[in-house]
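J.: need coordinates for the below:
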Amino acid sequence: MLKLITKLLTPPPAILLTLTLPYEKRIITRQRVALDQGQDAGLFLERGMSLKHGDYLQAETGEVVQVLAALESVSTVHCEDALLLARVSYHLGNRHVPLEISVGRVRYLHDHVLDDMVRGLGLTVLTEQASFEPEAGAYAAGGHSHAHHEYSHPYISFHHGH
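T.: Predicted structure coming up:
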């Protein structure tokens, strides 16, 4: 088994390996995964940490693994009315739904019951395949940013599958 130490890095000179995960897998700190190239991997990250699309992990032996957000079934709401978009975000957040919020848009993992609620507020819901990067939340551990500063995580390991 090849042992890795995770480190968030600035973009490395060459990406050797990739790991594509949906949102719900990027927030699990201890799990077995398969790299896109077929190798099995075991993630052993700090509790409370989550991986973001574009993060880079580095192995003790120098391999670099880039984290990619998988395409998944999401519901997207576009709205130019900031007050109405805030109302929709409030009602979804009140149900503890992770939300990806950007200017004029709110996205959540597809759920037909939530879609009906949003339509009831007068908005159109688009169901599509897209990556999902929700807000970390005000109480998220460490508040991971995309600055990709040097930040050391305790353990990550993987071994090459046969």
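J.: if I look at the closest residue to Arg30 other than its chain neighbours, how far off is Gln58?
T.: Nearest residue to Arg30, sequence neighbours excluded (Cβ to Cβ, 6 or more residues apart in numbering): Phe44, at 5.6 Å. Backbone N, C-alpha and C define where each C-beta goes, glycine included. Phe44 is 15 Å from Gln58, where distance means Cβ to Cβ, to the nearest Å.
J.: which of the three states applies to Val113?
T.: The three-state assignment at Val113 reads helix, by DSSP: H, G, I helix; E, B strand; the rest coil.
J.: tally of neighbours for it?
T.: 7 (other Cβ atoms under 10 Å).
J.: now swap in Val74 and tell me
T.: 19.
J.: I'd say it and Val125 touch.
T.: No: at 10.1 Å, Val74 does not count as touching Val125 under the criterion of Cβ atoms under 8 Å.
J.: next up, the contacts around the residue lying closest to Glu63 once chain neighbours are set aside.
T.: Spatial nearest neighbour of Glu63, excluding adjacent residues (Cβ to Cβ, 6+ apart): Leu16 at 5.2 Å. Leu16 is in contact with 63-65, counting by Cβ atoms under 8 Å, 6 or more residues apart in numbering.
J.: now the helices for the protein?
T.: Along the chain, the segments classed as helices by DSSP state H run 23-26, 82-93, 112-120.
J.: and Lys52, which of the ones you listed is closest to it?
T.: The minimum distance between Lys52 and those falls on helix 23-26, with 7.2 Å, by Cβ to Cβ.
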